[in-house]
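Participant: model this:
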Amino acid sequence: MSRALSTARETIVRWLGFKKELLPPNFKQAAEIYAENGAVKKVGKIDSIEILHRNDGTSPVHQSHFNRSDKALIISARITPADGSGARTHHIYPDGTGTIKKGDRREYSTSPTQGS
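Facilitator: Got it, this is the predicted structure:
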């Protein structure tokens, strides 16, 4: 019983910043998909995900300011790996894919049989 509880605690990700429940439905689902798949593929186990937003509380959905050639709508999330390495900002797209840096592959699957 205690083993099951410790395993469950290891998989809990803390959601910070803009409330995930207030995101438009497609971005709420995308953030959850990316947190469970693409982000884990890129950084390993996750401690926390902070959905970044403006101080006025408006929607965090926007176009990338870092990669101005990418016109897709995204949300930015600061993801902190559980291994203690530094947090990095990820761009999460409405289809559940995401990137860490300009030119990065938009990934969402941890399965070797699925691509993006």
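
Participant: Identify each buried residue in the helix ranked longest in the chain, please.
Facilitator: The residue-count maximum for a helix in the chain (DSSP state H) belongs to helix 25-36. Neighbour-count burial for helix 25-36, counted by 16 or more other C-beta atoms under 10 Å, picks out 27-28, 30-35. To be clear about C-beta, it is placed using only N, CA and C from the backbone, and glycine gets the same treatment.

Participant: tell me which strands and helices it is in contact with?
Facilitator: Helices and strands touching helix 25-36, by 3 or more C-beta pairs under 8 Å, 6 or more residues apart in numbering; DSSP states H and E, are strand 46-51, strand 73-81, strand 88-92.

Participant: in the very next helix or strand once past that helix, what's buried?
Facilitator: Next in sequence after helix 25-36, counting helices and strands by DSSP states H and E, comes helix 38-43. Buried positions in helix 38-43, judged by neighbour count with 16+ other C-beta under 10 Å: 38-40, 42-43.
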